[in-house]
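*Asks:* turn this into a structure:
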Amino acid sequence: MSIPLFPPSASTVAHDTDRLYFLLLALSLCVMAVVFLPLSYFLLKYRRGKKANRADLHLPTMKIEVTWTLIPTLISMGFFVAGAAVYFDEEVPPGKFLEVNVVGKQWMWKLEHQEGNAEINELHIPVNQDIKLVLGSEDVVHSFYIPAFRIKQDVVPGRFATEWFHPTQTGVYRFYCSEYCGLDHAKMEGYVYVLSPEEYAEWIARGAPKETLAQRGEQLYSELGCSGCHSGHAIVHAPQLEGLYGTTVALSDGTSVVADEKYLRDSILQPGTQIVSGYQPVMPAYQGHIREEQLMQLIAYVKSIAKTSPTISP
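*Replies:* Here you go, the predicted structure:
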């Protein structure tokens with residue numbers, strides 16, 4: 001059985017990451033050659049008992065100092081720019097993507113598609129389509145790692161993390177938790193199934209539940225009593241959620257914030273930290289009262305009504 005030296009390169013960012021890696025490896029080999037080859041030569045030439053000219057040399061020290069400072073600096077800055085380009089490409093998702101929620105817990109990964117399909121330690125996605133992962137943890141720090149896609153994202157309790165990739169080859173690929181998270185950390189792994197668009201559509205239809213992720217969030221929104229305040233006819237004066245996601249929200253302290261996943265999360269779990277201008281801090285905190293996946297369902301519902309106009313009270 002052959003053991004490949006590197007995992008397959010199955011995403012667009014994988015090729016850029018590999019290119020940067022091999023350039024760094026080549027630079028390291030060049031530095032080794034520049035340092036150790038002359039070092040080995042001088043060790044032999046000037047060893048004890050060897051006849052060699054040991055008189056002081058008069059060299060242009062300033063030029064030498066400037067040269068060996070300036071050239072490595074320029075090379076390092078070049079690698080910094082190349083690495084930053086790869087990093088920003090990995091961290092900034094494109095405008096249109098297929099979104100999947102990922103929740104890490106000891107010791108498993110639960111993944112939910114916007115259509116409502118849920119998976120445990122498996123991820124089915126279509127090939128040649130941008131995929132965005134919204135990741136959260138229910139307990140300790142985890143790290144979602146897909147070697148074939150060259151992506152790895154730490155998942156810290158109490159906050160969301162995002163990662164995106166564009167798979168380029170159909171097939172089955174492994175993913176892992178690459179952050180030690182407890183006794184069964186080594187078993188916290190799974191498989192990514194990259195399917196053709198037709199196979200993916202068939203898989204979604206075959207396992208589709210009765211409710212989408214947003215519909216589950218809407219049901220939870222009603223069960224928790226959120227609609228009693230965040231509606232146009234509510235007695236309690238609270239911000240309208242229709243059309244909220246993606247907009248800029250003015251806060252009572254004079255600052256403003258974009259209503260993204262992080263803002264919605266904080267507003268649900270710790271609503272007293274960012275008070276909307278013109279409103280009182282009367283909303284109870286849901287920290288510790290809802291699970292991570294329920295939080296993602298609520299946010300999916302709020303995102304689903306992003307293009308809906310608010311209901312105005314008469």
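*Asks:* just the buried positions in stretch 116-132, please.
*Replies:* The neighbour-count criterion (16 or more other CB atoms under 10 Å) identifies Gly116, Asn117, Glu119, Leu123, His124, Ile125, Pro126, Val127, Asp130, Ile131, Lys132 as the buried residues of stretch 116-132. In short, each C-beta sits where N, CA and C put it, glycine included.
*Asks:* pick the one among those closest to Thr67.
*Replies:* Checking the buried residues of stretch 116-132 against Thr67 by CB to CB gives Asp130 as the nearest, at 45.3 Å.
*Asks:* from Val249, how far off is the residue lying closest to that closest one once chain neighbours are set aside?
*Replies:* Counting by CB to CB, 6 or more residues apart in numbering, Asp130 lies nearest to Phe97, which is 4.1 Å off, once chain neighbours are set aside. Going from Phe97 to Val249 by CB to CB, to the nearest Å gives 24 Å.
*Asks:* same thing with Asp260?
*Replies:* Taking CB to CB as the measure, Asp260 falls 10 Å from Val249.
*Asks:* what's the answer for Gln215, then?
*Replies:* 25 Å.
*Asks:* again, but for Gly49
*Replies:* 80 Å.
*Asks:* pLDDT (mean, whole number) over the helix ranked longest in the chain?
*Replies:* As assigned by DSSP state H, the longest helix anywhere in the chain is helix 12-45. Computed over helix 12-45, the mean pLDDT rounds to 90.
*Asks:* Glu292 reaches Val134, doesn't it?
*Replies:* No: in this structure, Glu292 is not within contact of Val134 by CB atoms under 8 Å, at 10.7 Å.
*Asks:* out of these two, which sits in the busier spot?
*Replies:* Glu292 (23 against 18; other CB atoms under 10 Å).
*Asks:* can you tell me which residues contact that one?
*Replies:* For Glu292, the contacting residues are Val103, Lys105, Gly136, Ser137, Glu138, by CB atoms under 8 Å, 6 or more residues apart in numbering.
*Asks:* contacting residues around Gln219?
*Replies:* Gln219 makes contacts with Glu211, as judged by CB under 8 Å, 6+ apart.
*Asks:* can you classify it by secondary structure?
*Replies:* helix (DSSP: H, G, I helix; E, B strand; the rest coil).
*Asks:* out of the contacts of Glu292, which two sit at the greatest distance?
*Replies:* Once CB to CB is applied, those give Lys105 and Gly136 as the farthest pair, at 9.6 Å.
*Asks:* neighbour count for the two, which is higher?
*Replies:* Using other CB under 10 Å as the criterion, Lys105 and Gly136 rank with Gly136 on top: 25 against 18.
*Asks:* which parts of the stretch 51-200 of the chain are strands?
*Replies:* Assigned by DSSP state E, counting those that start in this stretch, the stretch 51-200 of the chain shows strands spanning 98-105, 108-113, 118-120, 122-126, 131-137, 142-146, 151-155, 161-165, 171-177, 189-195.
*Asks:* tell me which of those strands approaches Ile75 most closely.
*Replies:* Ile75 sits nearest to strand 151-155 of all those, at 26.2 Å, using CB to CB.
*Asks:* for the closest one, which strands pair with it and how are they oriented?
*Replies:* Within its sheet, and counting by DSSP bridges, strand 151-155 is paired with strand 142-146 (antiparallel).
*Asks:* contacts for the partner strand?
*Replies:* Counting by CB under 8 Å, 6+ apart, 102, 104, 109, 133, 135, 151-155, 163, 165, 173-179, 181, 188, 192 sit against strand 142-146.
*Asks:* can you tell me which two in the buried residues of stretch 116-132 are farthest apart?
*Replies:* Using CB to CB, those span at most 21.9 Å, a distance reached by Gly116 and Val127.
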